[in-house]
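**Student:** Please work out how this folds:
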Amino acid sequence: MEGLILAIFILILISLHFVFFTLFKKGKLNLMVSGIIMMVLAPVIGFSSGALFLHFYDWSSG
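**Tutor:** Presented below is the predicted three-dimensional model:
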């Protein structure tokens, strides 16, 4: 389960990067703004995935 959560986390960050770069190429978004958005969203997504790790952890395994 941990591998799936980590893969989804990485996939979300890469897809956000791809979307921001595409919007930059079209001239709709500045790279500075996309970097700031990414800096704000990465810890939020990281905290959420950490909460999922704790939720799905098998506490009986030690």
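**Student:** Which residues in stretch 48-62 does the neighbour count mark as buried?
**Tutor:** Using 16 or more other Cβ atoms under 10 Å as the burial criterion, the residues of stretch 48-62 that qualify are S49, L52. C-betas here are computed from N, CA, C, even on glycine.
**Student:** quick one: secondary structure of G27?
**Tutor:** Under DSSP: H, G, I helix; E, B strand; the rest coil, the three-state class of G27 is coil.
**Student:** Count the residues that sit near V40.
**Tutor:** 9 (other Cβ atoms under 10 Å).
**Student:** helix, strand or coil for it?
**Tutor:** helix.
**Student:** how about the most centrally placed residue in the chain, what does it touch?
**Tutor:** The residue lying closest to the centre of the chain (Cα atoms, centre = their mean) is L13, at 3.9 Å. Contact analysis of L13 by Cβ atoms under 8 Å, 6 or more residues apart in numbering lists M38, A42, I45.
**Student:** with those in mind, which one is nearest to L54?
**Tutor:** Within the contacts of L13, the smallest distance to L54 is 15.2 Å, found for I45 (Cβ to Cβ).
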